[in-house]
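*Asks:* what follows is a protein structure lacking sequence information:
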């Protein structure tokens, strides 16, 4: 049977970037993600941010632009993360609070970077965002940028780490939270939780569970 490890704490993602120092009022966290697995991470962060005594608030969300799906021309569909914010703003939020969404084609766009600077974020958290973060981006959050990566770093850095690990016959991998630097998946590791693949578990099932652990 697959062992279920203890999840990483969502609130710990922000405190890790702050060095564990007490913080009040809540600090500004910007989340970056795109697919369903990232939407689950965002949901955990929003829940943690809404708890009494929370040390952070979700100040904004960044995701890939809406995309046209299928061959027929249709109205572009927002990403799973974008839709999650739309739903939150429509009914799940605290009254009076609206979370802004930014959808740059590239994270190097000056208009996007200027908007992010205006938010003055304390920390950014990424999960399957799907866009390269330039130095100009990484210089903005005071506490740095943390990435939830569904593998043990540095062994499985780069794209598609879960399918590659399963194809290689790996039985035990990990969920890693690491600081983001310019070089891909090469930043200092903040936290690691081991993950044992189930006997008949496919890559998508594992990916969903691993991001659940990362979300805490």
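*Replies:* Perfect, I can see it now. What you are looking at is a predicted structure, and each value in this text was computed from that prediction instead of being measured. Numbers count the residues shown, from 1 in each chain.
*Asks:* got a pLDDT number for the residue nearest the centre of the chain?
*Replies:* The centroid of the chain falls nearest to residue 127 when counting by C-alpha atoms, centre = their mean (2.6 Å). You'll see residue 127 listed with a pLDDT of 95.
*Asks:* just the terminal-to-terminal distance for stretch 123-139.
*Replies:* Its start and end residues considered, stretch 123-139 measures 11 Å (C-alpha to C-alpha, to the nearest Å).
*Asks:* okay, buried residues for that stretch please.
*Replies:* Buried residues in stretch 123-139, counted by 16 or more other C-beta atoms under 10 Å: 123, 124, 125, 126, 127, 128, 129, 131, 133, 137, 138. C-beta here means a position set from N, CA and C on the backbone, and glycine is covered the same way.
*Asks:* low-confidence ranges in the protein?
*Replies:* Screening the chain residue by residue with the criterion pLDDT under 70, one finds the ranges 1-24, 70-73, 92-96.
*Asks:* cutoff 50 now
*Replies:* 1-7, 23 (pLDDT under 50).
*Asks:* the helices in it, which residues?
*Replies:* Shown for the chain, the helices assigned by DSSP state H span residues 10-17, 36-49, 80-87, 110-119, 135-138, 161-167, 203-215.
*Asks:* in the fourth one, what counts as buried?
*Replies:* Within helix 110-119, the residues that qualify as buried by neighbour count (16+ other C-beta under 10 Å) are 112, 113, 116, 119.
*Asks:* tell me which of the helices of the chain sits nearest to residue 182.
*Replies:* Taking C-beta to C-beta as the measure, the helices of the chain were each checked against residue 182, and helix 135-138 came out nearest at 5.7 Å.
*Asks:* hmm, who's touching that closest one?
*Replies:* Contacts of helix 135-138 with the rest of the structure, by C-beta atoms under 8 Å, 6 or more residues apart in numbering, involve 107, 108, 113, 116, 144, 145, 180, 181, 182.
*Asks:* need the contact partners of stretch 77-84.
*Replies:* Looking at what lies outside stretch 77-84 - C-beta under 8 Å, 6+ apart - the contacts are 31, 33-36, 38-39, 42-43, 61, 63-64, 66-69, 86, 101, 103.
*Asks:* which among the contacts of helix 135-138 end up buried?
*Replies:* 107, 113, 116, 144, 145, 180, 181.
*Asks:* ok, the first one touching residue 140?
*Replies:* No - Residue 107 sits out of contact with residue 140 when judged by C-beta atoms under 8 Å, with a separation of 10.6 Å.
*Asks:* quick check: neighbours shared by those two?
*Replies:* Common neighbours of residue 107 and residue 140 (criterion: C-beta under 8 Å, 6+ apart): residue 113.
*Asks:* show me the strands in this protein, by range?
*Replies:* Secondary structure of the chain by DSSP state E: the strands cover 27-33, 56-62, 101-102, 123-127, 145-149, 172-179, 189-196.
*Asks:* so which of the buried residues of helix 110-119 is the closest to residue 53?
*Replies:* Closest to residue 53 out of the buried residues of helix 110-119 is residue 119 (22.7 Å), distances taken as C-beta to C-beta.
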